[in-house]
Every structure is written in structure tokens, then in C-alpha cells.
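Engineer: After the sequence you'll find the predicted model.
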Amino acid sequence: MNALLQRGAQRNRLEVKLFGGARMLKGLTDVGASNATFAEGYLRDEGLTYAGGSLRGDQARRVQYWPASGRARQILLPHQVVTPFEAERERVRKPPPAPAAAGELELF
């Protein structure tokens with residue numbers, strides 16, 4: 001914000017669009033919601049105009065933004081089928097392969 005103002009932006013002409021803040025990993029603190037709440041409070045505290053967007057939820061987003069027109073497009077990405085935690089739990093659950101018996105040869 002300070003960099004924009006230093007370059008001549010006028011606070012009363014700025015519009016803000018917010019995207020993100022999804023809860024991507026269950027079982028952990030909802031950092032996305034905390035970030036979204038902070039961003040909304042920042043806009044209120046700074047007296048900035050909220051021009052739209054999409055916050056919170058449980059899906060990742062891809063956002064395209066065209067600064068000359070202020071146009072933004074959001075694409076919701078498919079839900080991740082296996083979370084990193086589930087993948088790690090599955091890896092740990094599987095027993096390690098049995099060691100080869102003496103004299104056996106393994107080809108790969």
C-alpha cells in the first residue's frame with residue numbers, strides 16, 4: 001500500500017479485490033480464515049473500497065487479473081483427493097518390504 005501511495009496512487013481511487021483464504025488442510029489451524037479476516041479488517045481500518053472477490057471455502061483457486069481494466073477471473077481447482085497428511089499416514093501404515101533371504105538375487 002505504501003509503495004502505491006509513494007508512486008502517486010490516490011487512496012480514494014483504489015479498489016481492492018480479495019481472493020483466497022481457503023482451508024486446504026483439515027486437522028490444522030485454519031490459517032486461511034485468519035488471513036481472510038485480517039485482510040477484511042485491514043480494508044475497513046484503511047478505509048479502502050472492497051470491489052469483490054472470493055474468500056474462505058475449501059477449494060484452491062487460480063486467479064487471473066488484468067490491472068489495466070481491474071478485471072479478475074477466478075477458477076476453482078478440483079478438490080485434492082488425498083491430502084499430504086493422508087498420503088504420509090498411508091506410507092507409514094504399509095510395512096517395509098521383507099528383506100531378501102541369504103543367497104537370493106533381486107533383479108530390477
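Structural biologist: Thanks, I have the structure now.
Engineer: can we go C-alpha only for contacts and neighbour counts from here?
Structural biologist: Will do.
Engineer: Check what contacts the longest helix anywhere in the chain and list those residues.
Structural biologist: Taking DSSP state H as the criterion, the chain has its longest helix at helix 31-46. Under the contact criterion Cα atoms under 8 Å, 6 or more residues apart in numbering, helix 31-46 has outside partners 18, 20-24, 49-50, 55-56.
Engineer: 6 Å instead?
Structural biologist: Applying Cα atoms under 6 Å, 6 or more residues apart in numbering, the contact partners of helix 31-46 are 21-23, 56.
Engineer: can I get these in JSON lines with pLDDT?
Structural biologist: Output for those, formatted as JSON lines (pLDDT from 0 to 100):
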{"residue": "Gly21", "pLDDT": "94"}
{"residue": "Ala22", "pLDDT": "92"}
{"residue": "Arg23", "pLDDT": "89"}
{"residue": "Arg56", "pLDDT": "96"}
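Engineer: Let's see if you can find the most crowded of the residues you listed.
Structural biologist: Gly21 (23 neighbours; other Cα atoms under 10 Å).
Engineer: What separation do you get for that one and Ser34?
Structural biologist: Going from Gly21 to Ser34 by Cα to Cα, to the nearest Å gives 8 Å.
Engineer: Could you give the separation of the helix or strand of the chain with the lowest mean pLDDT from the chain centroid?
Structural biologist: The helix or strand of the chain with the lowest confidence, counting by mean pLDDT, DSSP states H and E, is helix 84-93 at a mean of 70. In this view, helix 84-93 has its centroid 21 Å away from the chain centroid, taken as Cα atoms, centre = their mean, to the nearest Å.
Engineer: Quick check, Phe19 in contact with Arg56.
Structural biologist: No. Look at Phe19 against Arg56 with Cα atoms under 6 Å: they stay out of range, at 8.3 Å.
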